[in-house]
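Novice: Give me a model of this one.
(one chain, ligands or ions: 1)
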Amino acid sequence: MPELPEVETVRLGLEKWCVGRTITRVETLHPRATNPHSIAALTSLKRAHIGQICRRGKFLWFHLDRPYALVAHLGMSGQFRIQDKAMVDEKHLRVRLTLDNHQELRFIDQRTFGWLGLSNFDGDVPDFVKDIAPDIFDPAFDRKALKKILQKKKSEIKRVLLDQSVMSGVGNIYADESLWLAKIHPQRSCDSLSRAKIKALLSSVESVMSKALLEGGTSFDSLYTNVNGESGYFEHSLEAYGRDGENCSRCDTQIRRIIVGGRSSHFCPRCQRL
Ligand SMILES: [Zn+2]
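Specialist: Okay, the predicted model is just below:
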């Protein structure tokens with residue numbers, strides 16, 4: 001599943017290929033590709049001019065010369081590709097936006113959890129995004145306020161990290177990696193963590209995600225490729241996620257896998273004590 005670093009890589013690709021273009025034709029090929037709360041059909045995008053492309057957490061949006069935005073979520077397997085018109089359609093092509101340079105912006109999604117939709121603005125962000133908290137790279141991210149919230153939360157830290165209304169963009173992989181780096185057990189109750197531990201955790205989240213951003217995100221899921229069709233390669237540097245049964249690189253103890261909040265959690269039982 002694409003996480004924040006992958007989505008940011010996609011945003012950079014879209015920015016490179018789509019900003020300044022006008023959409024000349026729209027074709028939707030699957031009903032689930034349109035968000036049910038979209039304020040209008042995607043075909044209303046005809047003749048829209050594409051401005052800035054933004055991201056919050058895993059949501060992307062295209063500013064248009066319209067009062068609404070085109071919002072996109074990649075879901076489990078969504079990808080954007082820029083293709084020449086002449087290129088044969090991909091098997092799971094869901095939406096085709098033809099651009100005024102005769103290229104096509106294609107939305108491809110095998111599992112159909114991804115979507116596109118039109119959304120009015122609520123302040124600076126589209127309605128679809130208004131309940132999503134800023135991610136750690138967002139200028140609106142308030143580190144002090146977040147530390148206070150974390151100190152009071154009575155739930156398991158892993159669940160809180162995945163809660164998009166607290167802090168967005170930390171998915172399962174980067175939650176496990178950040179907890180490993182900060183030496184915190186995924187089931188530790190948030191309010192039991194010292195101020196220093198919370199500070200260390202936020203630094204870990206930042207460093208793990210920054211590293212992933214530099215490397216173009218992870219892509220162990222072969223369904224996922226970025227806007228240019230290239231996969232990331234961050235999976236080679238994962239320390240905890242998906243490494244159950246292998247040894248911790250810090251202390252040589254076997255990494256374990258447990259379920260926290262319905263999600264797989266990988267941790268070192270020696271470095272990350274409960
Ligand atoms: Zn260890």
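Novice: Select the longest helix from this structure.
Specialist: helix 195-214 (DSSP state H).
Novice: What is whichever helix or strand comes after that helix packed up against?
Specialist: Sequence order places strand 256-260 as the next helix or strand after helix 195-214, per DSSP states H and E. Contacts defined by 3 or more C-beta pairs under 8 Å, 6 or more residues apart in numbering; DSSP states H and E place strand 256-260 against strand 263-267. Placement of C-beta: from N, CA and C, glycine included.
Novice: Return the distance of the strand it packs on from the chain's centre.
Specialist: In this view, strand 263-267 has its centroid 18 Å away from the chain centroid, taken as C-alpha atoms, centre = their mean, to the nearest Å.
Novice: any idea of the mean pLDDT in the longest helix of the chain?
Specialist: Taken as a whole, helix 195-214 has a mean pLDDT of 91.
Novice: ditto for stretch 179-187
Specialist: 98.
Novice: For this structure, list the residues in contact with the ion, please.
Specialist: Applying C-beta under 5 Å from the ion, we find that the chain lies next to the ion at Cys248, Arg250, Cys251, Thr253, Cys268, Arg270, Cys271.
Novice: so who does the fourth one touch?
Specialist: So the one you mean is Thr253. Asn247, Cys268, Pro269, Arg270, Cys271 (C-beta atoms under 8 Å, 6 or more residues apart in numbering).
Novice: and the second one, what does it touch?
Specialist: Contact criterion C-beta under 8 Å, 6+ apart gives Trp180, Ala240, Cys248, Arg250, Cys251, Thr253, Ile255, Arg256 as the residues in contact with Cys268.
Novice: ok, which pair from these is furthest apart?
Specialist: Based on C-beta to C-beta, the longest span within the contacts of Cys268 runs between Arg250 and Arg256 and measures 14.3 Å.
Novice: I'd say Asp84 and Glu104 touch.
Specialist: Yes - between Asp84 and Glu104 there is a contact at 7.5 Å, judged by C-beta atoms under 8 Å.
Novice: Among the residues of the chain next to the ion, name the buried ones.
Specialist: Burial of the residues of the chain next to the ion was assessed by neighbour count (16 or more other C-beta atoms under 10 Å); the buried members are Cys248, Cys268, Cys271.
Novice: For stretch 112-120, list the C-alpha coordinates in PDB.
Specialist: Coordinates of the C-alpha atoms in stretch 112-120 are reproduced here as PDB (Å, rounded to 0.1, in the frame of the first residue of the first chain):
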ATOM      1  CA  THR A 112     -10.300  -0.400  -6.800                       C
ATOM      2  CA  PHE A 113      -9.800   1.100  -3.300                       C
ATOM      3  CA  GLY A 114      -8.300   4.200  -4.800                       C
ATOM      4  CA  TRP A 115     -10.500   7.000  -6.200                       C
ATOM      5  CA  LEU A 116     -10.700  10.400  -7.700                       C
ATOM      6  CA  GLY A 117     -13.300  13.000  -6.800                       C
ATOM      7  CA  LEU A 118     -14.300  16.700  -7.000                       C
ATOM      8  CA  SER A 119     -14.400  18.500  -3.700                       C
ATOM      9  CA  ASN A 120     -15.100  22.100  -2.600                       C
END
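Novice: what's the burial count for Pro269?
Specialist: Neighbour count for Pro269, taken as other C-beta atoms under 10 Å: 15.
Novice: thought it was touching Arg256?
Specialist: Yes - Pro269 lies in contact with Arg256 (C-beta under 8 Å); the separation is 5.5 Å.
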